[in-house]
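Participant: below are the sequence and a predicted model for it; my questions follow.
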Amino acid sequence: MKTLLLGVTLGLAAALSFALKEEDITGTWYVKAVVTDKDLPEEKRPRKVSPVTVTALDHGDLEATFTFMRNDRCFQKKILMRKTEEPGKFSTYGGRKLIYLQELPGREHYIFYCKDQRHGGLFRMGELMGRNPDTNLEALEEFKKLVQRKGLSEGNIFMPLQMGSCVPEH
């Protein structure tokens, strides 16, 4: 009986700590830095980015919403991130893309690391996201360490300008 109670208690504690982490990711996030495994030409890099709003859905899934400008028109994009069995790992676009969320301790920053299977190849991208638009040098250093661990080039890191959300036309 004690073993069962201990197991239930530990399971509940783990579920609560995971639920708290899920709540930590919801809200507004600002893109601080971006890296890709391809050397993107300047004209292909997003110059300005809007804040990203992350919303918790049923079953641990998340939805990321942001706006962007293209040809002087505002568009809104929503990405459904389905929870997987592995904590911090989500799938999108029918499993073609995998997104890994890594919290940076005590810094109110997360790293969103994405692997995308497209056209028979693998495309990798990472984003340093923060709760406010200000630059945080400690978080940027942690991001650079992740870039190195993932075998990406620090020379491919760029820092887009922050813009407010635009209002999409319907």
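Facilitator: Right, received. Where do you want to start? Residues are numbered from 1 along each chain as shown.
Participant: now do the helices in this protein.
Facilitator: Remark: helices assigned in the chain by DSSP state H are 2-25, 137-149.
Participant: mind listing the strands for this structure?
Facilitator: For the chain, the strands defined by DSSP state E cover 27-36, 48-49, 52-56, 62-70, 73-83, 89-92, 97-104, 109-118, 121-130, 161-162.
Participant: and these: which comes nearest Gln148?
Facilitator: Closest to Gln148 of the strands of the chain, according to CB to CB: strand 27-36, at 10.4 Å. Glycine gets a C-beta too; all of them are placed from N, C-alpha and C.
Participant: of all the strands of the chain, which one comes closest to Glu169?
Facilitator: It's strand 73-83; of the strands of the chain, that one is closest to Glu169 (CB to CB) at 6.6 Å.
Participant: and Glu127, how many neighbours does it have?
Facilitator: Neighbours of Glu127 under the rule other CB atoms under 10 Å: 21.
Participant: contact partners for the nearest residue to it once chain neighbours are set aside?
Facilitator: Leaving aside its sequence neighbours, Glu127 sits nearest to Phe112 (CB to CB, 6 or more residues apart in numbering; 4.6 Å). The neighbours of Phe112, taking CB atoms under 8 Å, 6 or more residues apart in numbering as the test, are 99-101, 126-127, 129.
Participant: who does the spatially most central residue of the chain form a beta bridge with?
Facilitator: Nearest residue to the geometric centre of the chain (CA atoms, centre = their mean): Phe112, 2.9 Å. Here Phe112 sits in beta bridges with Leu101, Glu127, as judged by DSSP bridges.
Participant: which pLDDT does the model give it?
Facilitator: Looking at Phe112, its pLDDT reads 95.
Participant: what does the one 10 residues further on give?
Facilitator: Note on Leu122: pLDDT of 85.
Participant: before we move on, what about Val167?
Facilitator: Note on Val167: pLDDT of 85.
Participant: check contacts around the residue nearest to it when sequence neighbours are not counted.
Facilitator: Nearest residue to Val167, sequence neighbours excluded (CB to CB, 6+ apart): Cys74, at 6.0 Å. Neighbour list for Cys74: 67-68, 166-169 [criterion: CB under 8 Å, 6+ apart].
Participant: good, wrapping up.
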